[in-house]
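K.L.:
Return atomic coordinates for the entry below.
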Amino acid sequence: MNYLHATQAAAGPALAEPERIERGAIARAAPARAGDAVEVWLAFYHDPVYATLLPRLRGLLSADERQRETRFHFSDDRKRYLVTRALVRSVLSRYAAVAPEHWRFAANAYGRPEIDGAPADAADLRFNVSHTRGLIAVAVGRGRELGVDVEHLSLREVSQAVAERCFAGEELADLARIEPCRRQDRFFEYWTFKEAYIKARGMGLSLPLEQFSFHYPQPDAVRLAIRPELGDDAQRWSLWQYRPTPDYLLALCAERGPGAAAPRIRSIVPTLHERELHLPLLKSSERAAA
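P.N.:
The predicted structure is shown next:
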């Protein structure tokens, strides 16, 4: 669930010339091992290249997914759904010997999509998806629960009512103190971290959002605090936040691995090309622990 869904456009940037993948080929990344850095794949689906790519991507979907695509009323929603499903399938095939069209999915008890009937080389594979107008994010890791959230910062003004319903008291106080010109950004700093955490827990909005909170001991650091009734240890989780473009904010929450490796982030046009991104890290829990 993103902020628009909670309360209720702009295109993503054209991709710079990336490393190309042979047309029709499904390239596989080096298999990620437990404890390796989480990888985040970004698709800016308003890129003009998608105008001719959609039929190929549709061929990766299951019959049920193709039927669901037709149920969306608005063309942008249909396109976003199609690219999201094709992106998930093509990205997962980089980590296991499964063709994109052969992946099967099921929802857990709280509605989070998970791999159904995973083969041996995908048994510990975890993924999570987030999307907003113009951008889709898929986070992938092994042996670590994870959650990702991406939000478009300029689609609409923040809602004080949403903040009062979803934020902890300390977060509300901080939001009230901050200068008005920074309030929109600070709201989404909290919101994206909250979304990423509940998605990593796999329990969605069954977790009361006001019973955990985020604190910023310094501008580039974040610390998670969790009330005892939620039955979780804040030290279990690593947090990162990035700005893929000036219009978007992305937060990632993942179980701590043996090291403190930052996520690897790539932009991708599924089945066509990709490039690694070197985004400035806005906030990190590792900096809070330093």
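K.L.:
Rounded mean pLDDT for stretch 200-208, please.
P.N.:
Looking at stretch 200-208 alone, the average pLDDT works out to 90.
K.L.:
Same question for stretch 102-118.
P.N.:
93.
K.L.:
where along the chain do the strands fall?
P.N.:
19-20, 39-43, 105-107, 113-115, 125-132, 135-142, 146-152, 212-215, 223-226, 237-242, 248-255, 264-269, 273-277, 281-284 (DSSP state E).
K.L.:
Nearest to residue 76, out of those?
P.N.:
Closest approach to residue 76 among these (Cβ to Cβ): strand 125-132, 11.0 Å. Using the backbone N, CA and C atoms, a C-beta is placed for each residue, glycine as well.
K.L.:
tilt between the closest one and strand 146-152?
P.N.:
Strand 125-132 runs at 10 degrees relative to strand 146-152, counting by axes from the mean of the first three to the mean of the last three Cα atoms, to 10 degrees.
K.L.:
Name every strand pairing with strand 125-132 and say which way it goes.
P.N.:
strand 135-142 (antiparallel) (DSSP bridges).
K.L.:
Let me know the angle separating the partner strand from strand 248-255.
P.N.:
Going by the same axes, to 10 degrees, strand 135-142 makes 20 degrees with strand 248-255.
K.L.:
Just the CA trace of strand 135-142, in PDB.
P.N.:
Once non-C-alpha atoms are left out, strand 135-142 reads as follows in PDB (Å, rounded to 0.1, in the frame of the first residue of the first chain):
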ATOM      1  CA  LEU A 135       8.400   3.900 -10.900                       C
ATOM      2  CA  ILE A 136       8.400   0.200  -9.800                       C
ATOM      3  CA  ALA A 137      10.900  -1.200  -7.300                       C
ATOM      4  CA  VAL A 138      11.600  -4.900  -6.700                       C
ATOM      5  CA  ALA A 139      13.900  -5.800  -3.800                       C
ATOM      6  CA  VAL A 140      15.500  -9.300  -3.700                       C
ATOM      7  CA  GLY A 141      17.700 -11.100  -1.200                       C
ATOM      8  CA  ARG A 142      18.500 -14.500   0.200                       C
END
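K.L.:
Thank you, goodbye.
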